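> no sequence for this one, just the structure:
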């Protein structure tokens, strides 16, 4: 697979009370088109990843909204896959170009979450969990707490180890002006924050956020005429499913969809975990980053936390993870996250990531989950 | 384009209080797989069209639900495009096969609407309209009433003419055991029913329904080994957008997305409106069928109602429309409709439509709208 990325854009993530969902879609879409240096009339199809607009913005028909909003009379497809909505939207855009029917595609991920009371947001989010989990009164932090507790039981990690991804990602976010929380937080502060669902603490949880991100993708054939510098390509795009409910899984500490999607992606791109220079992974809760490092084949089962201890996943380390600040500190507007991860890798590979720019990069991977991993999407990007 | 349809299945449509959304998805999915005479393990990707599960069933993560439900660990993509969710899901399935990444795809459209109070259903449906229309207190019947009133003003149709699609479609449904209303209704009864939004009467409006439909699609290369008889192919698949709100349109009585999508579809299939043997069109309200016949290029502007008068769109006429009973009488579980339309054409082209079987069929067209036409999807099927 080889899909050219012509343009990439991310809005500020945060509590954006002065911006509607439509404003965010417009800013991200036009930002990516401007970055691609193409006329918007060239775009032939668009995809929008969003989870909650039906519930939180009384707006479900986002395809037509986007078309009206950006003034483009093209097919627009809304994708919903819980917190993986953005990643699946990127995958569908790649598929549209691969089908040969379309040369240029726009993909936007957007979410507006902070206009409603938290119980509405919370019940909206829980609609991504199994019915048994909903009926059982779980929240997502509760579900991930089960995973974290089991991890601590089975492996030699400590509660302090769980805080390391959050501390690292806050430090990365302190170099990212678009992050919701652009400031560092120490391990001590995290350990002192309130327990939300034992063993997970407040500062290990990703926030409720508004934001959007967008990409302009193209068939490499037509892209060769384009002027954008330091061209980046998507060389693998892969999605997999596992059971919706944790109760249906053989292991709590392994997410099969992540394994399946990444194995297929490595095969597509013709490379392996050792070839990766950097990653953006789905750290909705701190434990999720540790498990992702294992499921993606980078560390052995039960050893992901060691990478957090020895610093190799930090900026300056051998394989930085979540340079954007991750979901934890850059923010997690759910439908936007999967697209934003790709935007971050593109900016890094293009050497335009400012103070958080890593060096010597060749291959990046994004990993986006829906729910507790019922859906996983993996993309690989190369210069 | 040439995509083989291996299997097609529709559940009963209606007020199915003993069936959950999961039950409907399972019945439709396994029905289509059984009809295709393949092992479910052959399916490599699935799509599900649904609009309201987040609001009415507290379940948004339908990709993972479907994978768990049918026991298939494959990528599943949920598509949402208001009442065109099913049609867009079919289009995305075709695209997936055309991309060369997948040989077999399953597409399911499903909706569960009757478990909640009507005001929740109604506000859920209105999330497919423009914000100005929602703020203005419109319902969808109100929006289509504006279109109908303008049509009566501009052209020589009467209020009685508006009833003709509904009467015809009820008559067709009387031959369809899967229809929600499998009984005839006379023009006199329609005219005597309550005015919901002038000039539209109760019996001109499609109902609130539960139901699902599914298709198994395949690359013709692999399909040649399959045993299903009277093979049908999708030869065109096309989607278009126009503005979300009626207020942004130049004409109330013409839906540009229908025109754009059908023109592109005719071009793809290399044929024109005159080649069509039968159609399933989006008759959410009676006026919508009349306008569809015009936008699809079959009748001149302002003359669609004449086809309803002279009977050529009835079973036994030269080009029957909505032999299933249409949205009006077969029912309108919104996410299922676009898939069910394709199922009906497949059953007709395969000569297995029972008492409503039309004769001498070659080419069928489906036309599925979202909202007041913000999204339109057209498929062409041939033997």
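Perfect, I can see it now. Keep in mind that this is a model prediction, so the values were computed, not measured. Numbering: from 1, shown residues only, chains lettered A, B, ... in the order given.
> what's the offset of stretch A:366-383 from the middle of its chain?
7 Å (CA atoms, centre = their mean, to the nearest Å).
> ok, now stretch A:208-220?
11 Å.
> now do stretch A:183-194
Centre-to-centre, stretch A:183-194 and its host chain are 23 Å apart (CA atoms, centre = their mean).
> ok, now stretch A:20-37?
With CA atoms, centre = their mean, you get 18 Å for stretch A:20-37.
> with stretch A:53-65 instead?
Offset of stretch A:53-65 from its chain centre (CA atoms, centre = their mean): 21 Å.
> and it, anywhere near chain B?
Yes: for stretch A:53-65, a contact with chain B is found by CB under 8 Å from any CB of the partner chain, at A:53, A:54, A:55, A:58, A:59, A:60, A:61, A:62, A:63, A:64, A:65. In short, each C-beta sits where N, CA and C put it, glycine included.
> report the two of those residues separated the most.
A:55 and A:64 (18.4 Å; CB to CB).
> who has more neighbours out of the two?
residue A:64 (31 against 22; other CB atoms under 10 Å in any protein chain shown).
> ok but residue A:79 is inside a helix, no?
No: read with DSSP: H, G, I helix; E, B strand; the rest coil, residue A:79 is strand and lies in no helix.
> and it, what does it touch?
When contacts are counted by CB atoms under 8 Å, 6 or more residues apart in numbering or on different chains, residue A:79 touches A:47, A:48, A:49, A:50, A:85, A:88, A:89, A:92, B:77, B:78, B:79, B:80.
> nearest residue to residue A:295 in space, please, no chain neighbours.
residue A:258 (3.7 Å; CB to CB, 6 or more residues apart in numbering or on different chains).
> which SSE is immediately downstream of the longest strand seen in chain A?
Counting by DSSP state E, the longest strand found in chain A is strand A:232-241. Toward the C-terminus, strand A:232-241 is succeeded by helix A:256-269 as the next helix or strand (DSSP states H and E).
> circling back to that earlier point, just the ones in helices from the residues of stretch A:53-65 next to chain B, please.
A:53, A:54, A:55, A:62, A:63, A:64, A:65 (DSSP state H).
> dump the contacts of residue A:79 to TSV, plus pLDDT and distance to residue A:121.
TSV is the format used below for the contacts of residue A:79 (pLDDT from 0 to 100; distance: CB to CB, whole Å):
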residue	pLDDT	distance to residue A:121
A:47	97	24
A:48	97	20
A:49	97	18
A:50	97	14
A:85	98	15
A:88	98	21
A:89	98	21
A:92	98	26
B:77	96	24
B:78	96	20
B:79	96	24
B:80	95	19
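> among these, which one lies nearest to residue A:216?
residue A:47 (11.6 Å).
> quick one: the helices in chain A, in order.
With DSSP H as the criterion, chain A has helices spanning A:21-36, A:53-56, A:62-70, A:85-98, A:118-126, A:131-135, A:140-154, A:159-173, A:187-192, A:220-223, A:256-269, A:286-295, A:304-310, A:334-349.
> out of the ones you listed, which comes closest to residue B:103?
Closest among those, using CB to CB: helix A:85-98, at 14.0 Å.
> centre of the chain versus that closest one, how much separation?
14 Å.
> that one vs helix B:62-70, what angle?
Per axes from the mean of the first three to the mean of the last three CA atoms, to 10 degrees, the angle that helix A:85-98 makes with helix B:62-70 is 90 degrees.
> which of the residues in stretch A:302-316 are buried?
Buried positions in stretch A:302-316, judged by neighbour count with 16 or more other CB atoms under 10 Å in any protein chain shown: A:302, A:304, A:305, A:306, A:307, A:308, A:312, A:313, A:314, A:315.
> same list (the residues you listed) but as TSV, adding distance to chain B.
TSV is the format used below for the buried residues of stretch A:302-316 (distance: CB to the nearest CB, whole Å):
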residue	distance to chain B
A:302	24
A:304	23
A:305	27
A:306	29
A:307	28
A:308	28
A:312	31
A:313	28
A:314	32
A:315	32
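> so the residue nearest to residue A:295 makes contact with residue A:367?
Yes: counting by CB atoms under 8 Å, residue A:258 does reach residue A:367; the two are 6.5 Å apart.
> so what sits against both of these two?
A:292, A:296, A:376, A:378.
> burial count for the residue lying closest to residue A:312 once chain neighbours are set aside?
Computed as CB to CB, 6+ apart, the closest residue to residue A:312 that is not its neighbour in sequence is residue A:318, at 4.7 Å. Look at residue A:318: counted by other CB under 10 Å, it has 13 neighbours.
> distance of residue A:318 relative to residue B:347?
60 Å (CB to CB, to the nearest Å).
> which residues touch the closest residue to chain B within the stretch 251-383 of chain A?
With CB to the nearest CB, the shortest gap between the stretch 251-383 of chain A and chain B falls at residue A:374, namely 2.7 Å. If you count contacts by CB under 8 Å, 6+ apart, residue A:374 has them with A:82, A:128, A:241-244, A:257, B:61, B:63-65, B:67-68.
> next one: the one residue in the stretch 51-200 of chain A that gets nearest to chain B from residue B:127, what distance?
Nearest to chain B, among the residues of the stretch 51-200 of chain A, is residue A:64, at 2.7 Å (CB to the nearest CB). Look at residue A:64 and residue B:127: by CB to CB, they are 12 Å apart.
> with residue A:233 instead?
From residue A:233 to residue B:127 the distance is 37 Å (CB to CB).
> neighbour-wise, which of the two wins?
residue B:127 (23 against 19).
> and that one, what pLDDT?
Looking at residue B:127, its pLDDT is 91.
> quick check: residues of the stretch 201-350 of chain A near chain B?
Residues of the stretch 201-350 of chain A lying near chain B (CB under 8 Å from any CB): A:238, A:239, A:240, A:241, A:242, A:243, A:244, A:245, A:248, A:256, A:257, A:260.
> try it again with 10 Å
Where the stretch 201-350 of chain A comes near chain B, counting by CB under 10 Å from any CB of the partner chain, the residues are A:237-245, A:248, A:256-257, A:260-261, A:264, A:268.
> ChimeraX command for the buried members of these?
What follows is the ChimeraX syntax selecting those of these that are buried according to 16+ other CB under 10 Å:
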select /A:237,238,239,240,241,242,243,244,245,256,257,260,261,264,268
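> how close does the residue nearest to residue A:24 when sequence neighbours are not counted sit to residue B:82?
In space, and not counting its chain neighbours, residue A:24 is closest to residue A:212: 3.9 Å by CB to CB, 6+ apart. Using CB to CB, residue A:212 is found at 21 Å from residue B:82.
> more neighbours, those two?
residue A:212 (35 against 29).
> and that one, how far from chain B?
17 Å (CB to the nearest CB, to the nearest Å).
> which residues are in contact with that residue?
Residues counted as contacts of residue A:212 (CB atoms under 10 Å, 6 or more residues apart in numbering or on different chains) are A:9-13, A:16, A:19, A:21, A:23-29, A:31-32, A:48-50, A:86, A:108-112, A:333, A:335-336, A:339-340.
> who does it bridge with?
Judged by DSSP bridges, the bridge partners of residue A:212 are residue A:110.
> likewise the one 4 residues further on?
Beta-bridge pairing for residue A:216 (DSSP bridges): residue A:7, residue A:106.
> can you get me a residue count around residue A:135?
Count around residue A:135 with other CB under 10 Å applied: 10.
> can you pull the contacts of the nearest residue to residue A:164 once chain neighbours are set aside?
Among residues not flanking residue A:164 along the chain, residue A:308 sits closest, at 3.7 Å (CB to CB, 6+ apart). Residues near residue A:308 by CB under 10 Å, 6+ apart: A:157, A:161-168, A:286, A:289-290, A:293, A:299, A:314, A:321.
> leaving out the residues flanking it, which one is nearest to the residue of the stretch 251-383 of chain A closest to chain B?
Nearest to residue A:374 is residue B:64, by CB to CB, 6+ apart, at 2.7 Å.
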